[in-house]
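Student: How does the following fold in three dimensions:
(2 chains)
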Amino acid sequence: MDWGYWLPVIFAGLMALSLLLYVVLDGYDLGIGLLLPLVSDEDKDRMIASIGPFWDANETWLVLGIGLLLVAFPAANAMLMASMYLPVALMLGGLILRGVSFDFRVKAKDPHKPWWNLGFTIGSLIAALSQGYMLGRYLSGFAETSAAYGFAVMTAIGLAAAYILLGSAWLILKTEGYLQQQATRWMQIALWPMGFGIFLISVVTPWMIPSIAQKWFQLPNFLLLLPLPLVSICLYFALFKILPALRKQQSIGHDRWCWLPFSAAVSLIVLAFWGLAYSVFPEIVMGKMTIWQAASDTAALKVIFYGAIVVLPVILLYTAFSYRIFRGKIGDLRYD
Amino acid sequence: MIDPLILSRIQFAANISFHILFPTISIALGWYLCFFAWRAYRTKQSVWSSLYLFWVKIFALTFALGVVSGITMSFQFGTNWPGYMQVAGNVAGPLLAYEILTAFFLEATFLGVMLFGRQRVSPRMHLIASFLVAFGTSVSAFWILSLNSWMQTPAGVVLVDGKVQVQDWFAVIFNPSMPYRLSHMLVASGLTASFLIAGISAWKLRRFQNSEVAKTGFRTAVKVAAVLIPLQIFIGDMHGLNTREHQPAKLAAIEAVWHTEKGAALTLFGLPNEETKQTDYAVTVPKLASLILTHDINGEIRGLNEFSDHPPVAKVFWSFRVMVGMGLLMLLVAWGGAWYLLKQQTIPQPVLRIFSWMTFSGWFATLAGWFVTEIGRQPWLVTGILRTADAVTKVGSHMVLSSLVMYLVLYVVLLSAYVSVVFHLAGKAGKQEV
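Tutor: Residues are numbered from 1 along each chain as shown, chains lettered A, B, ... in the order given. Reported below is the predicted structural model:
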């Protein structure tokens, strides 16, 4: 096996997997932060209780994703971080604010609670928007045109909408009653901006970047890739049909399909992510650097690789274990 | 405009100083919680489970602050110190990756079970979850202190084309200063958590005299502190000997020894002056520096004159004195408290008051200690291999300045919120306990 060729590919795959897991997992709890102002105080507690046991581990996937970028592709990391210095700093500020607000809100004096609720929402909003903005900047190869900046603003809104979609789907899965019905409505609304965002990225990136167009619109690749947008479109329309039907079912106490919206939302994200990864690979900084040019020395990658193949399955195992412990609807989640 | 190197250094110092406050508490507090949970499990006494339930709240808060400030750290390498990974990536990369893989997920996942799973898992599984969280925090400390120590005293590598290549991983991980630095930090964490528990318990006892929970917490923490503090002084001494051998310039700055001499005097206080190369208004004790540092009254100490590169003297000199002064104060208070516990039934109010003043004393000692070791490494980022100035980012200083301002504002707000919430929770719990 040619380690020098395969290790960067493997690490690009691991990094993509971590970032995908991050977007899905932290996505739903960021989404909940965005939705928080819409509900009563009691429902706020329930919403936050539904993410309590998970958010910390969810954020760790970002640490792993960025950690892998840092240790496996240091040259790309340096270039990307320098190009996105301010949005990165803003995102970190947002993540700090929301992570601690989440904990402070239940422990601080009662009059301070609304402030920490607000901090949780604002932090989530800043984090979601700056992540989406960075995605747009990244895809455009940091082009300095106003169209490219406008594109980044649109992806920022698109990603925030995707997080709202995930967050409301999570609530449909984890809650009951009025809150659940509300969440079903929110999800329906979020479908629009998110769909627009995915559409925009799918149309604009091949148009802006010829290499992406070439990858997609070449036979036989085009035929092999065709299921990707087709399945996404089907999922989309299915959700538009299913969500109102679900609400009717919920109102008469039927809740057998509560897992469906979340699965559909995750599938949409996975498909979109796969499309993006296909467009970008094997580059790591668009138009500037491939994964092989950016990779660390093979010796260092090997050391990490051995550790990762032993430890990652264990991590996935106990993550699944934790989700199993906290499966089902949330009660009043408390420390005691 | 201000030099981006200075700004990046201030920003990194601010981030890492803020960050270290929380792991310093949570490493040892995790083990305390394990102990409380185990006592509750074995004795079935409600006082232990109340103790657990109170401190687990503080732990959750501390842990959250540690996590979010730690995420910032993992980005800082890329945003502000790109040269670090370019030169030392072959060492730093794997060590950081192992920290994330073996520690971060473990602690974060089982923290969820520990905090919210009491109704959903068996008491035994809950105890195991508490253990895994404490274990994870210590594993994390192991990797990061190994990397930090390697930056202080690099070993097991060769330089090829300006880049570090690993020859011997065992030598890298267990580099010369690593055992000392790791044990010094773990015991520092033990002391910080002990003084926190003792301080908050004392604060509660002054308001709610009959709180059994506060009494038990106080007794446990004071005993642990009384045992750990002499151990820490011993480890610190060993660490000093190690520094003398491997980082003599740092040691010379710590003691403000300007010229190599035998039977050197110990400067207790004074104002090191780098321009005149002497310490103004020095208060000295003859021969004592040699005795402490070489364990020989006429031992030789190498002075700053021997090193073309040495750290800024006054900062290191003063940080060291703050650390040692705080350590001696902790010794006095911990032993005083232990004496009252052994000899008398009740703890007098003034003693309780001293303990509550000392609630966050561990933070000051730990921060001062890290200032000694990190400023003491300058002008190097990796001793002898990479200079700090060569690793810094090329982004403009206005950008670094704006991110720095944002971080500082956040940190001030969060730190004051943390301290006030800890006391607020203590007051609330105290009311319920009596």
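Student: Could you use CA atoms for every contact and neighbour count after this?
Tutor: Will do.
Student: State the mean pLDDT of stretch A:103-112.
Tutor: Computed over stretch A:103-112, the mean pLDDT rounds to 84.
Student: Just checking it against chain B, any contact.
Tutor: Yes: using Cα under 8 Å from any Cα of the partner chain, stretch A:103-112 reaches chain B at A:Asp103, A:Phe104, A:Lys107, A:Ala108, A:Lys109.
Student: Selection in PyMOL covering whichever of the residues you listed are buried, please.
Tutor: Selection of buried members from the residues of stretch A:103-112 next to chain B for PyMOL, criterion 16 or more other Cα atoms under 10 Å in any protein chain shown:
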select buried, chain A and resi 103+104+107+108
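Student: Include secondary structure when you put the residues of stretch A:103-112 next to chain B into TSV, please.
Tutor: Shown next, in TSV, are those (DSSP: H, G, I helix; E, B strand; the rest coil):
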residue	secondary structure
A:Asp103	helix
A:Phe104	helix
A:Lys107	helix
A:Ala108	coil
A:Lys109	coil
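Student: what about A:Gly287, is that helix, strand or coil?
Tutor: Using three-state DSSP, the structure places A:Gly287 in coil.
Student: wait, doesn't it sit right on A:Gly141?
Tutor: Yes: under the criterion of Cα atoms under 8 Å, A:Gly287 makes contact with A:Gly141 at 6.6 Å.
Student: So for those two, which sits in the more crowded spot?
Tutor: Per other Cα atoms under 10 Å in any protein chain shown, whichever of A:Gly287 and A:Gly141 has more neighbours is A:Gly141, with 18 against 14.
Student: what's the closest non-adjacent residue to the more buried one?
Tutor: Leaving aside its chain neighbours, A:Gly141 sits nearest to A:Met286 (4.9 Å; criterion: Cα to Cα, 6 or more residues apart in numbering or on different chains).
Student: residues contacting the one you found?
Tutor: A:Tyr138, A:Leu139, A:Ser140, A:Gly141, A:Val280 (Cα atoms under 8 Å, 6 or more residues apart in numbering or on different chains).
Student: List just the nearest of the residues you listed to A:Pro8.
Tutor: The shortest approach to A:Pro8 among the contacts of A:Met286 belongs to A:Val280, at 14.4 Å (Cα to Cα).
Student: Need the per-residue pLDDT for the closest residue in space to that closest one that isn't next to it in sequence.
Tutor: Leaving out its chain neighbours, the residue that sits closest to A:Val280 by Cα to Cα, 6+ apart is A:Met286, at 7.0 Å. For A:Met286, the pLDDT comes out at 81.
Student: what's the strand or helix carrying A:Trp6 packed up against?
Tutor: If you go by DSSP states H and E, A:Trp6 is part of helix A:3-35. Helices and strands touching helix A:3-35, as assessed by 3 or more Cα pairs under 8 Å, 6 or more residues apart in numbering or on different chains; DSSP states H and E, comprise helix A:41-51, helix A:55-72, helix A:113-139, helix A:146-174, helix A:259-280, helix A:291-294, helix A:298-325.
Student: between those helices, which one is nearest to A:Leu90?
Tutor: Across these, closest to A:Leu90 is helix A:113-139 (Cα to Cα), at 6.8 Å.
Student: how far is the closest one from where the chain is centred?
Tutor: Relative to its chain's centre, helix A:113-139 lies at 12 Å (Cα atoms, centre = their mean, to the nearest Å).
Student: Perfect, that will be all.
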